[in-house]
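[1] Below: sequence and its predicted model.
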Amino acid sequence: MEKLVTSDFRLGIIAGGQLGKMLALAASPWDVKTYVLDSDEHCPAATVCTRWIQGDCTDFDAVYSFGQEVEMITFEIENVNTEALQKLKREGKRIHPDPDVLALIQDKGKQKQFFQKHAVPSAAFTLMNGPEEILSALKEGRLTLPFVQKVRRAGYDGRGVAVICGEEDLAKLLQGPSVIEATVDIEKELAVIVARNGKGETASFPVVEMVLNPNANLVEMLVSPARIDASLHRNATELALQLAVKSGLQGVLAVELFLDRNGQLWVNEISPRPHNSGHHTIESAVTSQYEQHLRAVFDFPLGSTDLKRPSVLLNLLGEKGHEGPVRYHGLTKVMSLPGVKIHIYGKRYTRPFRKMGHVTVVGATLEEAEHNAAVVKKTVRVYSC
């Protein structure tokens, strides 16, 4: 720690979205200089980092050149050129999480095979090359409806996922190599964020409950702690810690799970970075997920993950039918509510269901937080000018 405080240590963050912004803000109290690589000069992190560097995160030369500017690299998205990271690693650059972990998570097919190898409960799956093979498998009886198609690379926030319930949905099949998963009879969707440092020390935040927007297939609301019994909390946490250890992760790992109607937990996907399911920790936990990620990648002692107060988080999504320069409605009205904390990401343009910010509502009880969150949900809107 002494080396970082009042130093010129340069931490490179690949991509400057809202996660990169909050990671840079968390680094500031330690006087860590944050360099951000992003193609957009107006990306959310550009206004808070020490230096913004323009470049495509998927371009080998841009990522490799960026690596020469900093002493350590981390990232806030998975869609990064891993070949450049691997070369930087061979040359001695410190990169956390490791590029091998990133390469595993980038490919949903490899991710599922990893679950299978380590006996992690996950929905049954098969790998297919695209719509033609899927349709042939249906015709030949090797595949039955319903199923979920996930493109193997570059999907996020509900993109790259098609839920195929009947023949009428086959027109929604996505192009490209895919994971075909059996459907799960879902009662709740859950997430747990764990951290692991270079010494192998681990910590876990309490499990959260995710409520998805039915139209966009992305998270609209989080409830912390999740409304599940203690044994499910323990089992979800143990699964997440197992994945962090088995993958060799150094950093934070977000683990998304399904709870089926029989009380069984199934791992859906994992992300080796700060995650939307952990935004609430800024206000509700002793240590935020962003500070915890920094502690882990710097190999510092991990912080307390105890909750200070229960919370409900609402993602501020662009309204349907609105696309263009953004304007917000109702923010000042909800500021008078106790426990309301507003985060605007700084994206200039909205579009339907784009994540433009979030509101965390903390309360003395979960019921209090839920009540005030319901008022926020009815009041705040994200429109275009």
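    Yep, that arrived. Numbering: from 1, shown residues only.
[2] where exactly do the helices run in the stretch 151-300 of the chain?
    For the stretch 151-300 of the chain, the helices defined by DSSP state H, counting those that start in this stretch occupy 230-247, 281-284, 289-297.
[3] hey, which of the ones you listed is tucked in deepest?
    Highest mean neighbour count of the helices of the stretch 151-300 of the chain: helix 289-297, a mean of 26 (counted as mean count of other CB atoms under 10 Å). The C-beta positions use only the backbone N, C-alpha and C, and glycine is treated the same way.
[4] Which strands or helices does the very next helix or strand once past that helix pack on?
    As assigned by DSSP states H and E, the chain's next helix or strand after helix 289-297 is strand 311-317. Applying 3 or more CB pairs under 8 Å, 6 or more residues apart in numbering; DSSP states H and E, one finds that strand 311-317 makes contact with strand 218-224, strand 355-362, helix 366-379.
[5] Determine how far strand 311-317 lies from the middle of the whole chain.
    14 Å (CA atoms, centre = their mean, to the nearest Å).
[6] circling back: want to try CSV for the helices of the stretch 151-300 of the chain, with mean pLDDT and distance to His42 as columns?
    Compiled in CSV, these are given as follows (pLDDT from 0 to 100; distance: least, CB to CB, whole Å):
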stretch, mean pLDDT, distance to His42
helix 230-247, 97, 34
helix 281-284, 98, 23
helix 289-297, 98, 21
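[7] Dump the ones you listed to a markdown table, plus distance to Pro274.
    What follows is those, written out as a markdown table (distance: least, CB to CB, whole Å):
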| stretch | distance to Pro274 |
| --- | --- |
| helix 230-247 | 14 |
| helix 281-284 | 9 |
| helix 289-297 | 5 |
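[8] Can you name the residues that contact the spatially most central residue of the chain?
    Central residue of the chain (CA atoms, centre = their mean): His275, 2.9 Å from the mean position. By CB atoms under 8 Å, 6 or more residues apart in numbering, His275 lies in contact with Leu19, Ala191, Ile193, Val252, Ala254, Gln289.
[9] between those, which is nearest Gly263?
    Ala191 (17.7 Å; CB to CB).
[10] which non-adjacent residue is nearest that closest one?
    Ser277 (3.7 Å; CB to CB, 6 or more residues apart in numbering).
[11] can I assume that neighbour is in contact with Val219?
    Yes. Because the distance of 6.9 Å satisfies CB atoms under 8 Å, Ser277 is recorded as touching Val219.
[12] what's the neighbour count on the closest residue to Pro272 other than its chain neighbours?
    The shortest distance from Pro272 to any non-neighbouring residue, by CB to CB, 6+ apart, is to Pro97 (4.3 Å). By other CB atoms under 10 Å, 26 other residues sit near Pro97.
[13] Which helix or strand contains Pro97?
    Using DSSP H and E, no helix or strand contains Pro97.
[14] Show the contacting residues for it.
    Counting by CB under 8 Å, 6+ apart, Pro97 has contacts Thr74, Phe75, Leu249, Gln250, Gly251, Pro272, Arg273, Val297.
[15] same thing but at 7 Å, please
    Pro97 sits next to Leu249, Gln250, Gly251, Pro272 when contact means CB atoms under 7 Å, 6 or more residues apart in numbering.
[16] what is in contact with Ser277 and Val219 at once?
    Contacts common to Ser277 and Val219, judged by CB under 7 Å, 6+ apart, are Met210.
[17] Just give me the closest of the contacts of Pro97 to Leu174.
    For those, the nearest to Leu174 is Pro272 (23.9 Å; CB to CB).
[18] roughly how far apart are the closest one and Asn215?
    Pro272 sits 29 Å away from Asn215, going by CB to CB, to the nearest Å.
[19] more neighbours, these two?
    Pro272 (26 against 12).
[20] Please tell me how far that one sits from Ser336.
    In terms of CB to CB, Pro272 sits 39 Å off from Ser336.
[21] before we move on, what about Tyr290?
    Distance from Tyr290 to Ser336, by CB to CB: 28 Å.
[22] Kindly state the pLDDT recorded for Asn217?
    Note on Asn217: pLDDT of 74.
[23] hang on, it packs against Val161?
    Yes. The criterion here is CB atoms under 7 Å, and Asn217 meets it with Val161 at 6.2 Å.
[24] Between the two, point out the one with more neighbours.
    Counted by other CB under 10 Å, Asn217 and Val161 do not tie: Val161 has more neighbours, with 20 against 14.
[25] got the contact list for the more buried one?
    Val148, Lys150, Gly155, Asn217.
[26] still on that earlier bit, what subset of the contacts of Pro97 is buried?
    Leu249, Gln250, Gly251, Pro272 (16 or more other CB atoms under 10 Å).
[27] if we take these, which one ends up nearest to Ser304?
    Gly251 (17.8 Å).
[28] In this structure the closest one contacts Pro274, no?
    No. Assessed by CB under 7 Å, Gly251 is found out of contact with Pro274, at 8.7 Å.
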